[in-house]
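Engineer: after the sequence you'll find the predicted model.
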Amino acid sequence: MTAENKRMLVQFGAGNIGRSFIGQLFSHAGFEVVFVDVDSQLVEQLNAAGGYTLVIKSSDGDRKEYIDRVRAVDGSNHEAVASVVAAADYVATSVGSSALPHIYKVLADGIQRRDRPVDIIIAENMRDGARIIAEGLHSYLPDEFPLEEWVGLVETSIGKMVPIMSEKDKNFDPLQVFAEPYNTLIVDRCGFVGEIPPLPGLKAVDHIDAYVDRKLFVHNLGHAAAAYLGYAADSTFRYIWQVLDDVERFYQVRRAMQQGAAVVRAAHPGIFTEQETDMHIDDLLERFCNKALGDTVFRVGRDLMRKLGRNDRIVGAMLLAAEHGLPFDAIATVYCAALSFKATNEAGQMDKKDAQFHKLLENQGIEGVLRDVSGLGNTEYDRNVFETVRETCSKAEKEKIEDLT
């Protein structure tokens with residue numbers, strides 16, 4: 001075994017992105033991949049198998065890849081996790097922003113045991129991730145610890161789509177994971193303190209904040225727009241591709257994405273041209289229409305509390321549009337459509353958090369949701385978004401009533 005093959009990635013989170021994307025890229029480059037996860041059964045299965053199957057879903061048919069050089073550590077075993085962090089060549093996280101605070105202490109302990117610096121790849125699809133994680137780590141490190149020199153906090157833009165797997169697919173092979181063919185990992189060139197890992201598919205860029213915003217306000221916004229506008233138009237739509245087969249819905253979604261792209265260009269001047277963002281939108285829409293992926297309206301639209309949050313894909317885009325004097329009526333229409341979203345999974349069950357959202361909406365109305373879920377206050381831009389959404393929803397409701405009479 002060569003020295004390169006002995007290199008190790010510690011991947012926090014053995015879920016969809018961890019296994020279908022980050023683990024895959026590092027394994028194919030010859031790294032041993034050590035997953036850290038709190039699912040003890042999954043940890044046991046990964047250790048027993050030493051690998052897993054990745055199924056690439058495309059219109060050309062399924063293609064299977066076997067990901068090897070794999071083992072796992074139970075996230076509840078603090079000593080074992082700190083030990084692998086101390087020995088790792090790279091660390092990556094794909095646990096979700098709400099779970100990050102639970103790994104700061106063990107990360108900090110592992111970092112303090114190291115004899116060399118380490119880069120942490122933040123595969124979380126979050127804005128300002130490096131600052132947030134730095135603050136989390138500082139709370140568990142000595143005041144004098146040289147975090148900036150010892151740890152690279154590398155933000156990313158994660159564009160890979162991974163659908164929910166059916167119970168039938170899970171039962172067939174509990175370790176397999178499905179994903180689309182797209183395989184480009186965009187990382188912050190300036191975030192590394194060591195060498196950039198030699199991974200096929202890795203794209204190091206400057207101005208990572210522009211790419212993160214493009215992911216949020218074009219990709220994520222467009223995906224959510226398809227789910228919410230599609231469900232509002234026809235609640236029997238099950239798949240995203242079905243929504244986009246509807247010509248009217250397709251152009252509604254595209255217009256919202258174009259408004260989001262204009263926001264990104266205004267917020268990050270000189271990074272993307274209009275032609276580039278239009279091409280990006282067309283590519284995304286083609287990927288959204290991938291029937292083989294089987295991406296559901298439920299998966300894409302669920303978790304309304306988060307997706308209608310102030311800094312997320314819809315409200316965040318509208319606030320930036322208001323700040324830059326740009327139109328956002330198409331995005332406001334997406335917000336209004338989201339208020340009626342009650343899609344269910346294959347068992348006919350609504351997401352628990354979405355059920356809570358609808359109770360709040362019923363009790364407090366649209367204004368309460370705009371205030372308490374979307375966090376809109378009394379600033380000039382907040383009031384602009386608040387009034388635009390309220391008027392858009394009122395107009396949509398009036399038109400709906402007129403159509404029924």
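Structural biologist: The structure has been received and is ready for your questions.

Engineer: determine the longest strand present in the protein.
Structural biologist: strand 151-158 (DSSP state E).

Engineer: gap between the residue nearest in space to the middle of the chain and Gly301?
Structural biologist: Closest to where the C-alpha atoms of the chain average out (CA atoms, centre = their mean) is Asn125, at 4.4 Å. The gap separating Asn125 from Gly301 is 16 Å, by CB to CB, to the nearest Å. Placement of C-beta: from N, CA and C, glycine included.

Engineer: going along the chain, name the helices of the stretch 51-200 of the chain.
Structural biologist: 78-87, 104-112, 129-138, 147-150, 167-172 (DSSP state H, counting those that start in this stretch).

Engineer: show me how far the helix ranked longest in the chain is from its chain's centre.
Structural biologist: Ranked by residue count under DSSP state H, the longest helix found in the chain is helix 380-404. Put simply, helix 380-404 sits 28 Å off its chain's centre (CA atoms, centre = their mean, to the nearest Å).

Engineer: repeat that for stretch 231-249.
Structural biologist: On CA atoms, centre = their mean, the centre of stretch 231-249 falls 22 Å from that of its chain.

Engineer: what's that stretch in contact with?
Structural biologist: Contact with stretch 231-249 is made by 223, 226-227, 229-230, 250, 253, 285, 288-291, 294-298, 300-301, 337, 340-343, as judged by CB atoms under 8 Å, 6 or more residues apart in numbering.

Engineer: pLDDT weak spots in the protein?
Structural biologist: 1-5, 401-405 (pLDDT under 70).

Engineer: what ranges do the strands span in it?
Structural biologist: With DSSP E as the criterion, the chain has strands at 8-12, 32-37, 52-56, 63-67, 70-74, 90-93, 118-122, 151-158, 177-179, 185-188, 202-205.

Engineer: ok, the fourth one: who's next to it in the sheet?
Structural biologist: Looking back up the chat, that one is strand 63-67. Sheet pairing for strand 63-67, assigned by DSSP bridges, gives strand 52-56 (antiparallel).

Engineer: with the second one instead?
Structural biologist: Strands that pair with strand 32-37, judged by DSSP bridges, come out as strand 8-12 (parallel), strand 70-74 (parallel).

Engineer: deepest-packed of the ones you listed, please.
Structural biologist: Burial of the strands paired with strand 32-37 is given as mean neighbour count (mean count of other CB atoms under 10 Å); strand 8-12 ranks first at a mean of 26.

Engineer: just want the angle from that strand to helix 104-112.
Structural biologist: 160 degrees (axes from the mean of the first three to the mean of the last three CA atoms, to 10 degrees).

Engineer: how does the chain divide into domains?
Structural biologist: 4-205, 209-404 (automatic domain parsing).

Engineer: ok now the first one, how far from the chain's centre?
Structural biologist: Centroid separation between domain 4-205 and its chain, computed with CA atoms, centre = their mean, is 14 Å.

Engineer: likewise the shortest one?
Structural biologist: Here domain 209-404 shows a centroid-to-chain-centroid distance of 15 Å under the convention CA atoms, centre = their mean.

Engineer: of all the strands paired with strand 32-37, which one is nearest Thr333?
Structural biologist: The closest of the strands paired with strand 32-37 to Thr333 is strand 8-12. By CB to CB, the value is 37.7 Å.

Engineer: who's in contact with that closest one?
Structural biologist: Applying CB under 8 Å, 6+ apart, the external contacts of strand 8-12 come out as 18, 22-23, 26, 31-37, 75, 84-85, 87-95, 103, 107.

Engineer: stretch 292-307 too?
Structural biologist: 57-59, 61-62, 161, 163-164, 178, 180, 223-224, 226-228, 230-231, 237-241, 243, 288, 312-314, 338, 341, 343-345, 351, 353-354, 356-357, 373.

Engineer: if we can go back for a sec, just put the strands paired with strand 32-37 in TSV and tack on distance to Pro198.
Structural biologist: Formatted as TSV, those follow (distance: least, CB to CB, whole Å):
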stretch	distance to Pro198
strand 8-12	12
strand 70-74	19
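
Engineer: wait, which of those is closest to Leu46?
Structural biologist: strand 70-74 (4.0 Å).

Engineer: could you check the angle helix 78-87 makes with that closest one?
Structural biologist: Going by the same axes, to 10 degrees, strand 70-74 makes 140 degrees with helix 78-87.

Engineer: which other residues reach strand 70-74?
Structural biologist: Applying CB under 8 Å, 6+ apart, the set of residues contacting strand 70-74 is 14, 23, 27, 32-38, 40, 42-44, 46-47, 49-52, 80-81, 84.

Engineer: just the buried residues out of those, in PyMOL syntax.
Structural biologist: To isolate the buried members of the contacts of strand 70-74 in PyMOL, using 16 or more other CB atoms under 10 Å:
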select buried, resi 14+23+27+32+33+34+35+36+37+38+42+43+46+49+51+52+81+84
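
Engineer: please identify the most buried of the helices of the stretch 51-200 of the chain.
Structural biologist: Note that of these, helix 104-112 is the most buried (mean count of other CB under 10 Å), with a mean of 20.

Engineer: which strands or helices does that one pack on?
Structural biologist: Under the contact criterion of 3 or more CB pairs under 8 Å, 6 or more residues apart in numbering; DSSP states H and E, helix 104-112 touches helix 78-87, helix 129-138.

Engineer: Serialize those helices to a markdown table and add fields for distance to Met305.
Structural biologist: What follows is the helices and strands packed on helix 104-112, written out as a markdown table (distance: least, CB to CB, whole Å):
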| stretch | distance to Met305 |
| --- | --- |
| helix 78-87 | 30 |
| helix 129-138 | 19 |
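
Engineer: closest one to Gln364 among these?
Structural biologist: Using CB to CB, the nearest of these to Gln364 is helix 129-138, at 29.3 Å.

Engineer: inside helices: which ones of the contacts of stretch 231-249?
Structural biologist: 223, 226-227, 229-230, 250, 253, 285, 288, 297-298, 300-301, 337.

Engineer: tabulate the residues you listed (TSV), appending distance to Val264 and neighbour count.
Structural biologist: Shown next, in TSV, are these (distance: CB to CB, whole Å; neighbours: other CB atoms under 10 Å):
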residue	distance to Val264	neighbour count
His223	15	23
Ala226	19	33
Ala227	21	28
Leu229	20	27
Gly230	24	30
Phe250	21	18
Val253	17	30
Leu285	17	16
Phe288	18	23
Val297	25	24
Phe298	28	22
Val300	20	26
Gly301	22	26
Ala337	22	24
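
Engineer: good, we can wrap up now.
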